[in-house]
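**Q** I need the structure of the sequence given here:
(4 chains)
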Number of protein chains: 2
Amino acid sequence: MASPAAAVTTKSVFMNFSEVEGVRAKSAVPYGLPIVDNCMTCKLRGSNFFCALSQPSLKGLDQLKHTSSYPEGAMVFMEGQSPRGVYIICQGRAKLMTTSSDGKTLILKIAEPGDVLGLHSVVSGKPHEFTVETLQPCQLAFIPQDDFLRFLKQNGEACLQAAQHISRDCQSAYESIRSIGLSHSVTEKLARLLVQWASDGRVANGMIRIKLALTHEEIAQLIGSTRETVTRTLSELKKKAIAELTGSTLLIRNPGALQALAGN
Amino acid sequence: MASPAAAVTTKSVFMNFSEVEGVRAKSAVPYGLPIVDNCMTCKLRGSNFFCALSQPSLKGLDQLKHTSSYPEGAMVFMEGQSPRGVYIICQGRAKLMTTSSDGKTLILKIAEPGDVLGLHSVVSGKPHEFTVETLQPCQLAFIPQDDFLRFLKQNGEACLQAAQHISRDCQSAYESIRSIGLSHSVTEKLARLLVQWASDGRVANGMIRIKLALTHEEIAQLIGSTRETVTRTLSELKKKAIAELTGSTLLIRNPGALQALAGN
DNA sequence: TCGGTTGAGTGATTGAGATCACACACAAGT
DNA sequence: ACTTGTGTGTGATCTCAATCACTCAACCGA
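**A** I've put the predicted structure just below:
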């Protein structure tokens, strides 16, 4: 498939920009993405996990990390590789997926800013069990495995934080299992997915509007189905005025009905 | 369903036995299970996780724990409950399962000695997302949530150990997702399960013999199928002289063919 | 010894969804 | 204006396994 795309590190980007345009480093914009280089002053910091560490801990982490930008469609790492370190998503979204021997793909999760990629592989020392591919231009902070483990050993707060983070991954994995394993109809699984997405959408007079940029194919891979059936099911939902997907915006007209389809 | 069975704590068992039979505490055998009450001298200790902690840490943990015995079919805790603490399996096996609203059950994992139950719920503070039911008489060590979290905070080694343990759970969850989500035929999923079991079986002239005590129903719940199809698939495998299940022993006659059926 | 229960084996039917095979819309290069 | 590629919409089949409906064997407690 696609070869792992070369990441553009902040440093090299800085150099390029300085040379070519003679501008200051802070305005570097690789792949149309404004770079954030310092966790301490980062305005994107959410309440998420590592971003939420206390100042001293965060400072320690900040010194170990190394920020890179990736274009859309870049492979951050691949299934079966030994982990080289953890990646924290600062900006952009990426899909975590596995592929079977016959080429079928399953998307485990869409990772978002604040998520840490490869954490449990680094902690357990086992190979990655999924491939990470960016869905958009992304900015990732990378921390080498040994630096990271050393940091965890020396920093109880961070270690517990890490354990909590892994716990969440676990939880979402179990949710996936439930969703995939316990539901019979594709309609049910799709509805469940939409309901899940709905939770971070904008509500306007009883309808929910969500921005997402996934193809039917990718949705199919998320629920373990095929593109055609997703298309059909989606048009079924549209016909029933429950939900419709136009371009990259999903409009949920009847959240209640959707909930019912999702099995509760 | 079944109500949570009352656990017999070591103490009360000791008292009962002393009173009734006048024997020494160490020979107490509730549910036919010889009690092991001290991690430091426990002969069952494997290389697993908490059992593998260094002496001082283990000693600390030993003081917090509280050993109980459970009969077969006991509910240790249930899906949706808030975690009260972690349970470490000293002896016996238990199944971790979820149930859908329409009564369908999915078994996530068969837990064995050394496994820790409810670890990630305790760490993340979220409700259990599965029910644990013993498959045999079991001995479990219980550690209350707050004691446990305090212990982790004060003990870097244990915290990292915990993180590693959760990582493994994660890993096995992802494996399940792959297995359930990426394979089409039931034959494939069943074969994969058998292959997985085969790894801890006894090999004798090219055949593998494994002890397990699961009904067809439970096997079906492990691979997300139905009892009937498991029966059929199993008899198919028997007819092809690949594997057969008689009583509680599984005999794999042709590991290679099984591997092939499993998809690689 | 007898119901009662639980697990296993098997046949017949059926339906959801995978698969194949198209047509069409729309964007991006050249 | 061409091609090329990618995403989507839909019909026609076909297949696997869920479901229903039994029988049979083993075990157990009364």
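**Q** show me what the helix or strand in which A:Ile219 is found is in contact with.
**A** Using DSSP states H and E, A:Ile219 falls within helix A:216-223. With contact meaning C-beta atoms under 8 Å, 6 or more residues apart in numbering or on different chains, helix A:216-223 is reached by A:95, A:97, A:105-107, A:110, A:179-180, A:186, A:189-190, A:192-193, A:214, A:226-227, A:229-231, A:234. Using the backbone N, CA and C atoms, a C-beta is placed for each residue, glycine as well.
**Q** residues from the stretch 151-264 of chain A in reach of DNA strand C?
**A** A:His184, A:Ser185, A:Val186, A:Thr187, A:Gly224, A:Ser225, A:Thr226, A:Glu228, A:Thr229 (C-beta under 7 Å from any atom of the strand).
**Q** and these, which are buried?
**A** Neighbour counting over those (16 or more other C-beta atoms under 10 Å in any protein chain shown) leaves A:Val186, A:Thr187, A:Gly224, A:Ser225 as the buried ones.
**Q** and the furthest pair within these?
**A** A:Thr187 and A:Gly224 (13.4 Å; C-beta to C-beta).
**Q** check contacts around A:Ile166.
**A** So A:Ile166 contacts A:Leu119, A:His120, A:Val123, B:His120, B:Ala163, B:Ile166, B:Ser167, B:Cys170 (C-beta under 8 Å, 6+ apart).
**Q** excluding chain neighbours, what is closest to the residue positioned nearest the centre of chain A?
**A** By C-alpha atoms, centre = their mean, the mean C-alpha position of chain A lies nearest to A:Ala111, the distance being 1.1 Å. Distances taken as C-beta to C-beta, 6 or more residues apart in numbering or on different chains place A:Ala94 nearest to A:Ala111, at 4.9 Å, with adjacent residues excluded.
**Q** repeat for A:Met78
**A** A:Thr131 (4.5 Å).
**Q** so the one you found makes contact with A:Leu106?
**A** No. A:Thr131 sits out of contact with A:Leu106 when judged by C-beta atoms under 8 Å, with a separation of 10.7 Å.
**Q** which residues do the two both contact?
**A** With C-beta under 8 Å, 6+ apart, A:Thr131 and A:Leu106 have common neighbours A:Met97, A:Thr98, A:Thr99.
**Q** flag whichever of the residues of the stretch 151-264 of chain A next to DNA strand C scores worst on pLDDT.
**A** Across these, the smallest pLDDT goes to A:His184, namely 79.
**Q** assumed that residue was part of a strand.
**A** No. Under DSSP: H, G, I helix; E, B strand; the rest coil, A:His184 sits outside any strand and is assigned coil.
**Q** ok, the residue nearest to A:Ala111 to A:Leu108 distance?
**A** The gap separating A:Ala94 from A:Leu108 is 11 Å, by C-beta to C-beta, to the nearest Å.
**Q** swap in A:Ala173?
**A** For A:Ala173, the distance to A:Leu108 - C-beta to C-beta - is 7 Å.
**Q** got the phi and psi for A:Cys90?
**A** phi -90, psi -40 (degrees, to the nearest 10).
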